[in-house]
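S.K.: one predicted model, sequence on top.
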Amino acid sequence: MSDAFRVHSRRDGQFAVISTEGYINNLAGDKIVEEFNTFVSQDVKHFVLNLEKTQLVNSIGVSILIEVIEKVQEIGGTLSFCRLAPIIAKTFKIMGLTQYATVFETEEDALAAK
Amino acid sequence: MTIPKKVCLQIPMLPDMELAATKTAEEVARFMQFATDSIDEIKMALIEGIINAFEHSKSSDKTVYIQFDMQDEELEVTIQDYGTGFDASQKNSIQLFQKRGYGRALMEALMDDVKYFTSPNGTKVVMKKRRH
């Protein structure tokens, strides 16, 4: 499909910011985990996931994000989301992600939170 | 003569083909003047219904059949496969940090009505969304 998934990441102080572009399915979820693991190996514990350029997800992709939240908890870190489309925010709420990860309007808000 | 307001689609069980169905759903729902949030909810529920069929149906024809039925105040979406069926009585509530099995709960939360008709000859999911 034309909605190819891309992921970009960068360090911002104590945070790693991971930004997605496109549909988050199982393969996209695995790419996010790869980025996450790279930063964990560099002793990063705090993560912001910016979904501004993602309009659709599926439950398999979101299940992989739940695994990321579990790993963040294991290392004593934090994970927050920002720039969620309303349907993605609703999906996260239904699936229970918002109990364990904070949702911010903007990336700046997420980075200022700690 | 009344024009039947139905759109039929069949998609192969190939990666990301559910997105092709969401594009049709968007056009149909927009034609019916659904609000943007409702359109997104229909698309998300449709994705879940289709990937459930992809993952679990064991369908020999590897095809999912979708019908959009435009009624006066609601859109009815039917997702049909000719696989082996499933146990519809299984609990579908969401547990803390469960790994999989969110599809039915999501469909039911996002649509106004969801019914399952399943047998060893296949599964039909009928979902309705009202135009509020």
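M.R.: Looks like it came in fine. Since the model is a prediction, treat every value here as computed from it, not as a measurement.
S.K.: so which bits of chain B are right by chain A?
M.R.: B:15-20, B:22, B:37, B:40-41, B:43-44, B:47-48, B:51, B:94, B:96-97, B:99-100, B:102-103, B:105-106, B:109-110 (CB under 8 Å from any CB of the partner chain). (Each C-beta comes from the backbone N, C-alpha and C, glycine too.)
S.K.: which among those residues count as buried?
M.R.: Buried members of the residues of chain B next to chain A, counted by 16 or more other CB atoms under 10 Å in any protein chain shown: B:16-20, B:22, B:40-41, B:43-44, B:47-48, B:51, B:102-103, B:105-106, B:109-110.
S.K.: tell me which residue is most central in chain A.
M.R.: Among the residues of chain A, the one closest to the centroid is A:L49, at 3.3 Å (CA atoms, centre = their mean).
S.K.: does that one touch A:S80 like I think?
M.R.: Yes: contact between A:L49 and A:S80 holds when scored by CB atoms under 8 Å: they sit 7.3 Å apart.
S.K.: for A:R10, what are its contacts?
M.R.: A:16-17 (CB atoms under 8 Å, 6 or more residues apart in numbering or on different chains).
S.K.: quick check: next helix or strand after the helix or strand where it lies?
M.R.: Assigned by DSSP states H and E, A:R10 falls within strand A:6-12. Elements were assigned by DSSP H and E; along the chain past strand A:6-12, the next helix or strand is strand A:15-21.
S.K.: name the helices or strands packed onto the helix or strand where A:G61 lies?
M.R.: Per DSSP H and E: A:G61 is located in helix A:59-74. Counting contacts by 3 or more CB pairs under 8 Å, 6 or more residues apart in numbering or on different chains; DSSP states H and E, helix A:59-74 is packed against helix A:26-40, strand A:46-53, strand A:78-82, helix A:86-95, helix B:36-56.
S.K.: so what's the gap between that helix and the chain middle?
M.R.: 9 Å (CA atoms, centre = their mean, to the nearest Å).
S.K.: now swap in stretch A:86-96 and tell me
M.R.: How far stretch A:86-96 lies from its chain's middle: 13 Å, per CA atoms, centre = their mean.
S.K.: any idea how far the residue nearest to A:V103 when sequence neighbours are not counted is from A:T106?
M.R.: Leaving out its chain neighbours, the residue that sits closest to A:V103 by CB to CB, 6 or more residues apart in numbering or on different chains is A:F81, at 4.9 Å. Here the criterion is CB to CB, to the nearest Å. By it, A:F81 lies 11 Å from A:T106.
S.K.: what about those two, which has more around it?
M.R.: Ranked by neighbour count (other CB atoms under 10 Å in any protein chain shown), A:F81 and A:T106 place A:F81 first, with 21 against 12.
S.K.: can you give me the pLDDT of the more buried one?
M.R.: On the pLDDT scale, A:F81 is placed at 98.
S.K.: would you confirm that it contacts A:F92?
M.R.: Yes: using CB under 8 Å, A:F81 is in contact with A:F92, at 7.1 Å.
S.K.: shared neighbours, these two?
M.R.: Shared contacts of A:F81 and A:F92 (CB under 8 Å, 6+ apart): A:101, A:103.
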